[in-house]
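> take this sequence and fold it.
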Amino acid sequence: MASTKLAPQLHRIAAGWPVDPFRANIQLKTFLASLADHPNLTPQAVRAARALQDNEFQKKYPLSEKLLKPASMPHHYTRLVEAFDKSAQGIRRPWWKIFFGIW
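Purely as a prediction, here's the structure:
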């Protein structure tokens with residue numbers, strides 16, 4: 001059966017998937033591992049998981065600099081990523097920075 005060859009591949013992909021610190025109870029790693037044990041596992045599902053892991057879509061459809069840094073707020077996405085990283089570490093902005101809108 002083809003799914004017996006696909007299951008170890010999907011288990012490897014699931015093992016290498018990073019943990020989401022913001023959703024402790026819902027992890028894509030857990031979903032992929034349970035999908036690997038499904039009897040109707042298809043090669044398309046394994047290819048899709050591998051494509052997500054390898055960022056194939058980000059490479060195939062790169063975002064332009066104009067889209068990443070809009071003229072109205074050029075640092076918006078940089079600050080957003082920085083805020084997510086700090087939030088994952090448990091670092092918060094002080095109340096007065098939030099109140100006055102200071103980054």
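> quick check: residue 58 vs residue 49, distance?
15 Å (C-beta to C-beta, to the nearest Å). The way it works is simple: take the backbone N, C-alpha and C, and place the C-beta from them, glycine included.
> of the two, which one has the most company?
residue 49 (21 against 10; other C-beta atoms under 10 Å).
> ok, now which ones touch the more buried one?
Applying C-beta atoms under 8 Å, 6 or more residues apart in numbering to residue 49 gives the contacts 10, 13, 14, 32, 35.
> so which strand or helix has it?
Secondary-structure assignment from DSSP states H and E places residue 49 in helix 43-53.
> give the buried residues for that helix.
45, 46, 49, 53 (16 or more other C-beta atoms under 10 Å).
> closest to residue 4 out of these?
For the buried residues of helix 43-53, the minimum distance to residue 4 (C-beta to C-beta) is 12.4 Å, reached by residue 46.
> farthest pair in the contacts of residue 49?
13 and 35 (9.9 Å).
> now do the helices in the protein.
2-15, 28-36, 43-53, 56-60, 65-68, 76-89, 95-100 (DSSP state H).
> how about residues contacting the fourth one?
Going back to what we said before, that points to helix 56-60. So helix 56-60 is contacted by residue 51 (C-beta under 8 Å, 6+ apart).
> run the chain-centre distance for it.
Distance of helix 56-60 from the chain centroid (C-alpha atoms, centre = their mean, to the nearest Å) equals 13 Å.
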